[in-house]
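# Give me the fold of what follows.
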Amino acid sequence: MAFGMKKKTNQQQERNDAETQLASYWNFKFKEAMVTKAPYTKEWTEYLDAYKGDIFKDKTKPDYKSDLISNYIFSIIETIRPIMLDNDPKFQALPRHPDGMPFSTDLQEAFSYEWDREKMNVKLYKELITTLVVGTAVSFLPWDSVDKNVKAIMVSPFNIFPDPLATTVDDAEHMIYASYRNAERLRRKFPMKASLLQGGSINYSELVHDNNKGSNVNNQVLVIEVWTRDYETFEEDTEGTRKQKYPNGRVIVICPELGLVLSDKPNPYKDGKFPFLLMKDYDIPGKFWGNGEVAQLMSPQKNMNELNNAILDSAKLTANSPWIIDKNSGVGYGKITSRQGLVIRKNPGSEVRREQPAMMPNYVLNTVQTYKEDMEQISGVFDSLKGNSETGVYTAQGILALQEAGQARIRLKVKLMESFLGEMATMWYSRMKQFWQDSRWIRIIKADGSYDFTEFTREAFGQDYDIKIMAGSTMPVNRGAMLDLMIRLAQTQMPDGQTIVDREAVAEYLPSEVKSAVLSRMKDKSTAMEQQIAELTQMAQQLGEQLQQVAEQSNQADEQTDGILEEISKAIETVNKKILQLEKEHDRIEEESKKETEKAQIRTKSYNEGYTDAESLVNSETGEQGMQDMSQPATQPMQPSGAGEGLGTGLPDDMMEGLEALSDDELELLMKKNPNIGELLK
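This next block holds a predicted model:
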């Protein structure tokens with residue numbers, strides 16, 4: 001048992017030694033990165049003071065010296081900032097496979113919701129100061145396991161210490177986030193190390209937000225959060241295969257001044273990236289940190305302030321020139337003032353006169369104007385961008401054209417910002433895909449100011465997407481000019497009779513105070529029209545059903561008619577056969593009748609001849625009267641019985657009744673199929 005306790009103690013001691021060694025190693029790396037970054041830290045502090053105007057204040061000047069500060073740096077920064085983020089960005093979810101197309105709109109709505117939920121518009125607007133002044137703003141994008149949401153934390157660049165050889169976050173071997181935290185909060189978060197956490201004063205004032213103050217705050221602990229690649233630590237799995245322990249990287253939380261390792265775990269994100277993003281004002285090739293506006297404006301700003309103060313001092317001296325008074329003049333000290341109509345009484349023979357100071361040279365004023373123009377040229381922010389009219393340009397369109405031309409430099413900054421937002425959205429999507437396990441309700445803000453909810457399901461995460469920002473979507477739009485343009489386009493008809501834009505496009509650029517009301521009324525009218533259309537559609541469906549019933553009945557009638565016509569056709573074929581038989585019979589009868597007629601004629605002729613012979617014999621026996629009764633010969637041959645029956649129309653009576661019952665269309669169809677019926681009816 002004692003051996004087991006000793007072994008356990010040894011293991012604990014080895015673990016403690018390993019942690020101490022790990023903390024010492026990263027403390028050295030932290031100091032190394034801090035030394036490499038020191039020149040930037042010093043410059044950034046001056047740039048921030050220049051933005052606030054503190055650096056131009058000279059507290060050593062005597063009271064009679066002017067200390068005027070015309071901070072054009074502040075003016076330039078605050079002119080650029082609202083132009084860069086006048087509107088919320090419009091996200092585009094571009095699927096990498098056609099199967100992702102149905103979910104693109106859902107993702108875009110989800111990103112718009114997340115943008116509002118995290119109040120990114122306010123955060124980014126603040127960070128633009130850091131971007132424009134210092135040159136680089138840093139965003140930290142972790143997953144909050146308690147709130148179950150992605151967090152966008154804007155981190156001060158003073159607190160980030162990259163790998164000294166890194167040029168971007170992607171090629172950095174490690175990133176260190178250093179900050180001071182309250183010891184009590186750390187004890188609650190890491191109870192196993194609570195007894196070892198001891199707070200103290202702040203030794204690195206650049207790591208706190210108020211750089212020059214707060215150093216006397218007690219109970220603070222320096223904490224560094226190290227995100228690093230780890231290619232050397234291996235472990236064996238259950239099958240005995242040796243593999244990397246941290247394939248996606250490693251996250252170590254250390255208190256370097258106390259030699260404590262608070263946590264050591266793998267990178268929790270499947271994409272394997274460090275959760276840091278950089279937004280730069282000017283991206284310098286081969287440099288990790290960007291450059292800002294103030295770095296180029298500091299020198300002319302300082303010289304312009306000195307000249308302005310010299311001009312002010314000269315003006316004060318000229319307006320109140322010095323007096324020269326003899327000691328024996330009898331004018332006491334402080335008796336001469338700047339009061340109008342002042343009367344000075346002096347002793348005879350003494351001198352009291354006012355010295356005329358030298359005038360300020362004209363080149364001084366010209367130099368101040370030159371410095372101002374230099375700052376405009378350096379920053380690209382001219383008076384026309386602020387709405388001031390240039391000489392000879394007074395029309396609204398001309399001023400708009402000048403403002404658009406003046407935004408050329410700002411558009412480059414906007415492109416870098418939109419690239420940063422696209423990278424942030426892509427990483428945001430990676431967090432959502434990994435940690436959003438259930439469906440969520442997304443709030444959608446409509447154009448008229450109203451809102452609705454839609455359900456976002458995990459089916460959208462089945463595909464990969466590239467998230468981008470529509471170019472220039474954050475830039476300002478001159479709504480007055482666009483409204484005028486939309487009205488003219490809405491009045492312009494195309495060859496098909498339709499206007500180029502609809503009324504919704506016109507309403508989009510109405511003033512915000514009337515836009516919602518107009519869109520609401522348009523929506524109400526559209527709803528009423530949709531109801532009418534729905535009613536008409538329902539009536540059309542009912543009419544279609546009725547027509548379908550009529551068609552079905554007509555089909556049934558056609559089927560019946562086809563049956564009748566088929567029966568009539570069969571009957572006609574039978575009648576035709578009978579007619580042919582009757583014709584043959586008629587021909588036979590006529591032939592027989594002809595033969596009988598010939599026979600009758602022969603008999604009659606024979607009879608008449610016999611009669612003549614007999615008459616001569618009878619006359620001699622019976623007398624003349626008897627022979628006269630027998631003198632009428634048989635001139636009409638006898639017709640065979642039944643020779644002319646059924647040949648009036650060629651059709652039986654029942655067949656004629658069936659034809660009379662048919663309609664004109666049916667009879668016409670029957671006659672087209674059987675043309676010989678017409679001949680029979682004739």
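# In terms of helices and strands, where is the closest residue in space to I500 that isn't next to it in sequence?
Leaving aside its sequence neighbours, I500 sits nearest to L489 (Cβ to Cβ, 6 or more residues apart in numbering; 4.4 Å). C-beta coordinates here come from the backbone N, C-alpha and C atoms, glycine included. L489 belongs to helix 479-490 when assigned by DSSP states H and E.
# Off-centre distance for the helix or strand following that helix?
Past helix 479-490, further along toward the C-terminus, the next helix or strand under DSSP H and E is helix 503-507. Relative to the chain's own centre, helix 503-507 is displaced by 19 Å; criterion: Cα atoms, centre = their mean, to the nearest Å.
# Ok, stretch 42-62 next?
Here the centre of stretch 42-62 is set off from its chain's centre by 43 Å, with Cα atoms, centre = their mean.
# Equivalent analysis for stretch 15-23, please.
For stretch 15-23, the gap between its own C-alpha mean and the chain's C-alpha mean amounts to 50 Å (Cα atoms, centre = their mean).
# Is it correct that R409 is in contact with F382?
No - R409 is beyond contact range of F382, at 9.9 Å (criterion: Cβ atoms under 8 Å).
# which stretch of helix or strand covers N305?
helix 294-319.
# so what secondary structure elements neighbour the following helix or strand past that helix?
Counting by DSSP H and E, the next helix or strand C-terminal to helix 294-319 is strand 323-325. The helices and strands touching strand 323-325, judged by 3 or more Cβ pairs under 8 Å, 6 or more residues apart in numbering; DSSP states H and E, are strand 352-354.
# Give me the sheet partners of the strand it packs on and which way each runs.
As defined by DSSP bridges, the strand partners of strand 352-354 come to strand 323-325 (antiparallel).
# now what about the strand it pairs with, what contacts it?
Residues outside strand 323-325 that contact it (Cβ atoms under 8 Å, 6 or more residues apart in numbering) are 331, 336, 346, 350-355.
# E418: which of those is nearest?
Relative to E418, the closest of those is E355; by Cβ to Cβ it sits at 62.6 Å.
# what about the residue lying closest to the closest one once chain neighbours are set aside, neighbour count?
Closest residue to E355 apart from its sequence neighbours, by Cβ to Cβ, 6+ apart: P322 at 4.9 Å. Neighbour count for P322, taken as other Cβ atoms under 10 Å: 10.
# Spell out which residues sit in contact with P322, please.
Residues in contact with P322, defined by Cβ under 8 Å, 6+ apart, are 354-355, 357.
# just for the stretch 351-500 of the chain, where's the confidence low?
Where the stretch 351-500 of the chain drops to pLDDT under 70, the residues are 384-403, 405-406, 447-449, 471-482.
# Can you list the residue ranges for strands in it?
For the stretch 351-500 of the chain, the strands defined by DSSP state E, counting those that start in this stretch cover 352-354, 440-445, 451-456, 465-469.
# Select, out of those, the one closest to I224.
Of the strands of the stretch 351-500 of the chain, nearest to I224 by Cβ to Cβ is strand 465-469, at 31.0 Å.
# Check which residues of the closest one are buried.
465, 467-469 (16 or more other Cβ atoms under 10 Å).
# Let me have those in CSV, extended by distance to L277.
As requested, the buried residues of strand 465-469 are exported to CSV (distance: Cβ to Cβ, whole Å):
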residue, distance to L277
Y465, 18
I467, 13
K468, 15
I469, 13
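# Which of these lies at the shortest distance from V253?
Distance to V253, by Cβ to Cβ, is smallest for I467 among the buried residues of strand 465-469, at 29.9 Å.
# how is this protein carved up into domains?
2-52+135-291, 53-134+292-328+357-476, 479-510, 514-598+632-681 (automatic domain parsing).
# Of those domains, which is nearest Q340?
Ranking the domains of the chain by proximity to Q340 (Cβ to Cβ) places domain 53-134+292-328+357-476 first, at 12.7 Å.
# low pLDDT regions in the stretch 1-150 of the chain?
Looking at the stretch 1-150 of the chain by pLDDT under 70, you get 1-8.
# How are the helices of it distributed by residue range?
For the stretch 1-150 of the chain, applying DSSP state H, counting those that start in this stretch gives helices covering 2-52, 72-84, 104-117, 120-133.
# And the shortest one, what does it pack against?
It stands for helix 72-84. By 3+ Cβ pairs under 8 Å, 6+ apart, helix 72-84 packs against helix 2-52, helix 120-133, helix 294-319, helix 362-379, helix 408-435.
# need these in TSV with distance to Q532 and mean neighbour count, can you?
As requested, those are exported to TSV (distance: least, Cβ to Cβ, whole Å; neighbours: other Cβ atoms under 10 Å):
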stretch	distance to Q532	mean neighbour count
helix 2-52	60	14
helix 120-133	41	19
helix 294-319	62	17
helix 362-379	58	15
helix 408-435	42	19
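# Export those as TSV, with columns for distance to N218.
TSV is the format used below for the helices and strands packed on helix 72-84 (distance: least, Cβ to Cβ, whole Å):
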stretch	distance to N218
helix 2-52	22
helix 120-133	28
helix 294-319	34
helix 362-379	43
helix 408-435	37
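# out of the ones you listed, nearest to F103?
Using Cβ to Cβ, the nearest of the helices and strands packed on helix 72-84 to F103 is helix 408-435, at 11.5 Å.
# pLDDT of stretch 293-306, averaged?
The pLDDT scores in stretch 293-306 average 90.
# before we move on, the earlier item: closest to D58 out of the helices and strands packed on helix 72-84?
Nearest to D58, of all the helices and strands packed on helix 72-84, is helix 294-319, at 9.1 Å by Cβ to Cβ.
# how big is the angle separating the helix holding N305 from helix 72-84?
Computed by axes from the mean of the first three to the mean of the last three Cα atoms, to 10 degrees, the angle separating helix 294-319 from helix 72-84 equals 130 degrees.
# just checking, what packs against helix 294-319?
For helix 294-319, the elements it packs on are helix 2-52, helix 72-84, helix 362-379, judged by 3+ Cβ pairs under 8 Å, 6+ apart.
# Mind checking those for the one nearest to D106?
helix 72-84 (28.5 Å).
# Quick one: residues in contact with that closest one.
Contacts to helix 72-84, defined as Cβ under 8 Å, 6+ apart, come from residues 50-53, 125, 128-129, 132-133, 293-294, 297-298, 301, 304, 372, 375, 379, 381, 385-386, 407, 410, 413-414, 417, 474-476.
# Show me which residues of it are buried.
For helix 72-84, by 16+ other Cβ under 10 Å, it's 72-74, 76-77, 79-81, 83-84.
# Alright, calling it a day.
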